[in-house]
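**Student:** Provided below for reference: sequence and predicted model.
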Protein chains: 2
Amino acid sequence: MKDRFLKACRREPVDCTPIWLMRQAGRYMEAYRRLRERYTMAQLVKTPELAVEITLQPVRAFDLDAAIIYSDLLPPLEAMGLEVEFVEGEGPVIRQPLRSRADVEALRESDPRESLNFVLQAICLARQALDGRLPLIGFAGAPFTLATYAIEGSNARNPVHAKALMYQEPQTWHLLMERFAHFIARYLEAQVEAGAQAVQLFDSWVGALSPADYARYVAPYSRYVLQAAQATGVPVIHFSTGTGGMLEHIAAVGGDVIAVDWRTPLDVAWQRIGYQRAIQGNLDPAVLLAPLEELRRQAVQILEQAGNRPGHIFNLGHGVLPQTPIEAVAHLVEVVHRESQR
Amino acid sequence: MKDRFLKACRREPVDCTPIWLMRQAGRYMEAYRRLRERYTMAQLVKTPELAVEITLQPVRAFDLDAAIIYSDLLPPLEAMGLEVEFVEGEGPVIRQPLRSRADVEALRESDPRESLNFVLQAICLARQALDGRLPLIGFAGAPFTLATYAIEGSNARNPVHAKALMYQEPQTWHLLMERFAHFIARYLEAQVEAGAQAVQLFDSWVGALSPADYARYVAPYSRYVLQAAQATGVPVIHFSTGTGGMLEHIAAVGGDVIAVDWRTPLDVAWQRIGYQRAIQGNLDPAVLLAPLEELRRQAVQILEQAGNRPGHIFNLGHGVLPQTPIEAVAHLVEVVHRESQR
């Protein structure tokens, strides 16, 4: 097996820097677009055979060092009883967002091994299809990011309703976070049981908070989930964006690997989170739209910032953009492997 | 004159911490909403008497330490020949955004003393109306923020087109930034001539960039504008959001006062930008939706982080939200003055 991704997660020496890309399966690939013409997002996510096919598309096309199961952040919300609708061009929308204590209390208790069985099946089938050639990553949204989606009802630029609930009804907020944390912890455990060899917790929106509010309203729940995931024995990646003002806090909450975005230089970020953690990142996805020479320059700069320290996993700071040329992805993977050879 | 705002900008001792609020005139005030029922945004911005009236509304209602002229970030784009349309519920939209070298070359050369005369008149009239009781702040968008708006055509979450132009056609990018920097420098100079006693440069979107891209594609132009503004002799505030990963770079580019958002604790931010600068910030505007006791707690925490060091101007990290209760604004102003008394 190509094991440099798992080795880097554990900060063991590797022959060259491993690379995978968030949203490495997606609209920038023609094979994916063809499937999207025939199926809705919901069908792709909920049909294990299709999810596996999409999981494999990028690892067939590029020399990536890990596969990540094709899924979405929102199935846990549906499993807990919220109705999520996919609106073309708008993304997922929750018509009846959570706003009150009663809404939170009405959330369904659910065992992810049943309610999200389609994801676990997809993981199981993807492991078989990968046949030990590449490690498979599972993932879930962090409690704050899911709570925010549930409360705002859509991808809000500024999660004002979520913050208002947090300040005005702290007990309701804590109950909600507890419910999500419990569910997500069980969900990640189930993904590992099903065969995920690493998991990533996506706290995509937590950059909207002050460090003090993060510590008080979010950290305990992320910590609970990360500890449960780490207890399974697989490496756990803790991802956030827009958190350049509080990387120390994010790292302190947990994760074997801290994923950082491009808004902080990688060397500064690693120093701040501490060298006892592995680091993942941190190219701006927009750089994949640049001429290949500029793309190479920026990728090499990140490798130089990582130095020869073990424990760097190359990635973007956010998902691959739909308009990304596939040549750019191929070039990036090649540059990272070649320029980091030890 | 209440001079503690200007004194704090120069890091001189003050009797208590001055406070003003970004978007302190706006929809959260009934007096403003009543005017908005009768006039369009464009009418309010372009009629000096109306702009002055709105400028005065918050300083009549609250014990604020500065007035800021009521205007918008986009009139400079119109002055340079772009058509800006205000779409209800969507904000300003540019139907034919800048995308090519030809578009940039077609930008109109314009003297802001003519094309933006309505703003300068409003400043002049507002100074008269304030009659020396309170200092008046002028402002403009920074070249990056304006360029991004001109290229994206709307308030894009991720300015992908702007970044693509930057990477793919750096010469076009640099030409565009030069044109904007030149215009904005002249515009701020004209505002000071008209009577502005301090100016703020809004680089609201620059948090989308990596520090390296900021240094290469943006910093020289912001520096040019900030230096021109500083050469007039009035204090200059350099504002950005989402730049917790590169506060040192923002500060190095210039400004007497560095405005920071809530994503970095104020004490950490001040240490990073250096104590030879004044600092402005940094409450999350959403905290104004909290119960007054929580609002007080968070405001006091910021005052404590500022310590007794001269040069702190209390503000939010972004504009007042439309749903903010006016009691919260009154309470905040009172708490900041009372709890910071020397």
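**Tutor:** Arrived safely, thanks for sending.
**Student:** mind listing what the residue sitting nearest the centre point of chain A touches?
**Tutor:** Geometric centre of chain A, nearest residue: A:Phe202, 4.1 Å, by CA atoms, centre = their mean. By CB atoms under 8 Å, 6 or more residues apart in numbering or on different chains, A:Phe202 lies in contact with A:73, A:139-142, A:145, A:239. C-beta coordinates here come from the backbone N, C-alpha and C atoms, glycine included.
**Student:** Chain B versus that one, what's the distance?
**Tutor:** To chain B, A:Phe202 is 17 Å away according to CB to the nearest CB, to the nearest Å.
**Student:** Just the contacts of A:Phe202: which are in helices?
**Tutor:** In this view, these that belong to helices under DSSP state H are A:Thr145.
**Student:** Adding pLDDT, distance to A:Arg223 and neighbour count, write the contacts of A:Phe202 out as a markdown table.
**Tutor:** Listed next are these as a markdown table, based on pLDDT from 0 to 100; distance: CB to CB, whole Å; neighbours: other CB atoms under 10 Å in any protein chain shown:
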| residue | pLDDT | distance to A:Arg223 | neighbour count |
| --- | --- | --- | --- |
| A:Leu73 | 94 | 20 | 16 |
| A:Phe139 | 98 | 18 | 22 |
| A:Ala140 | 98 | 15 | 27 |
| A:Gly141 | 98 | 16 | 25 |
| A:Ala142 | 98 | 11 | 29 |
| A:Thr145 | 96 | 15 | 25 |
| A:Phe239 | 98 | 15 | 28 |
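**Student:** who does the residue nearest to the centre of chain A bridge with?
**Tutor:** A:Gly141, A:Phe239 (DSSP bridges).
**Student:** State the distance from it to A:Leu120.
**Tutor:** Using CB to CB, to the nearest Å, one obtains 18 Å as the distance from A:Phe202 to A:Leu120.
**Student:** go on, A:Val236?
**Tutor:** 18 Å.
**Student:** what's the answer for A:Val59, then?
**Tutor:** Separation of A:Val59 from A:Leu120 (CB to CB): 20 Å.
**Student:** Check A:Ala259 too.
**Tutor:** Distance, A:Ala259 to A:Leu120, using CB to CB: 24 Å.
**Student:** Report the mean per-residue pLDDT for the longest helix anywhere in chain A.
**Tutor:** Scanning chain A for the longest helix, with DSSP H as the assignment, gives helix A:170-194. Helix A:170-194 shows an average pLDDT of 98 in the prediction.
**Student:** Just the buried positions in that helix, please.
**Tutor:** A:172-174, A:176-177, A:179-192, A:194 (16 or more other CB atoms under 10 Å in any protein chain shown).
**Student:** which residue does the stretch 1-150 of chain A bring closest to chain B?
**Tutor:** A:Gly91 (11.2 Å; CB to the nearest CB).
**Student:** three-state assignment of the residue lying closest to that residue once chain neighbours are set aside?
**Tutor:** Excluding the flanking residues, the one nearest A:Gly91 by CB to CB, 6 or more residues apart in numbering or on different chains is A:Asn155, at 5.5 Å. Assigned by DSSP: H, G, I helix; E, B strand; the rest coil, the conformation of A:Asn155 is coil.
**Student:** if I pick A:Asn155, what's in contact with it?
**Tutor:** With CB under 8 Å, 6+ apart, A:Asn155 has these contacts: A:91-92, A:149.
**Student:** Can you pull the residues of chain A lying near chain B?
**Tutor:** For chain A, the contact set with chain B under CB under 8 Å from any CB of the partner chain comprises A:157-158, A:160, A:163-164, A:167-168, A:207, A:209-213, A:242-246, A:261-265, A:268-269, A:284, A:286-287, A:289-291, A:294, A:298, A:301, A:321, A:323.
**Student:** residue contacts, whichever residue of the stretch 51-200 of chain A sits closest to chain B?
**Tutor:** Residue of the stretch 51-200 of chain A nearest chain B, by CB to the nearest CB: A:Tyr167 (3.4 Å). By CB under 8 Å, 6+ apart, A:Tyr167 lies in contact with B:286-287, B:289-291, B:294.
**Student:** Please compute how far the helix or strand where it lies lies from its chain's middle.
**Tutor:** Using DSSP states H and E, A:Tyr167 falls within helix A:160-168. Taking CA atoms, centre = their mean, to the nearest Å, one finds helix A:160-168 lying 24 Å from the centre of the chain it belongs to.
**Student:** ditto for stretch A:228-242
**Tutor:** Using CA atoms, centre = their mean, the offset of stretch A:228-242 from its chain centre is 10 Å.
**Student:** Give me the distance between the two termini of it.
**Tutor:** 25 Å (CA to CA, to the nearest Å).
**Student:** before we move on, what about stretch A:304-311?
**Tutor:** In terms of CA to CA, the two terminal residues of stretch A:304-311 are separated by 14 Å.
**Student:** Likewise for stretch A:12-20?
**Tutor:** End-to-end for stretch A:12-20, by CA to CA: 18 Å.
**Student:** what's the answer for stretch A:83-93, then?
**Tutor:** Using CA to CA, the distance between the terminal residues of stretch A:83-93 is 9 Å.
**Student:** For that stretch, the averaged confidence score.
**Tutor:** 82.
**Student:** and A:Ala259 and A:Leu120? which has more neighbours close in?
**Tutor:** A:Ala259 (27 against 22; other CB atoms under 10 Å in any protein chain shown).
**Student:** For the more buried one, give its distance to chain B.
**Tutor:** Taken as CB to the nearest CB, the span from A:Ala259 to chain B is 14 Å.
**Student:** That residue against A:Pro235, yeah?
**Tutor:** No: the criterion here is CB atoms under 8 Å, and A:Ala259 misses it with A:Pro235 at 11.8 Å.
**Student:** List the contacts of A:Gln298.
**Tutor:** So A:Gln298 contacts A:283-284, A:287, A:290, B:212 (CB under 8 Å, 6+ apart).
**Student:** Then A:Tyr70?
**Tutor:** A:25, A:44-45, A:51-52, A:54-55, A:122.
**Student:** What of A:Ile258?
**Tutor:** A:237-238, A:247, A:250-251, A:269, A:273, A:277-280.
**Student:** what about 6 Å?
**Tutor:** A:Ile258 makes contacts with A:238, A:251, A:273, A:277, A:279, as judged by CB atoms under 6 Å, 6 or more residues apart in numbering or on different chains.
**Student:** The third one: how many residues sit nearby?
**Tutor:** A:Ile273 has 23 neighbours, counted by other CB under 10 Å.
**Student:** What of the last one?
**Tutor:** In terms of burial, A:Ile279 registers 28 neighbours under the definition other CB under 10 Å.
**Student:** Which helix or strand contains it?
**Tutor:** A:Ile279 belongs to strand A:278-283, assigned by DSSP H and E.
**Student:** So what are the sheet partners of that strand and their directions?
**Tutor:** strand A:257-259 (parallel), strand A:312-316 (parallel).
**Student:** Buried deepest among these, which one?
**Tutor:** strand A:312-316 (a mean of 27; mean count of other CB atoms under 10 Å in any protein chain shown).
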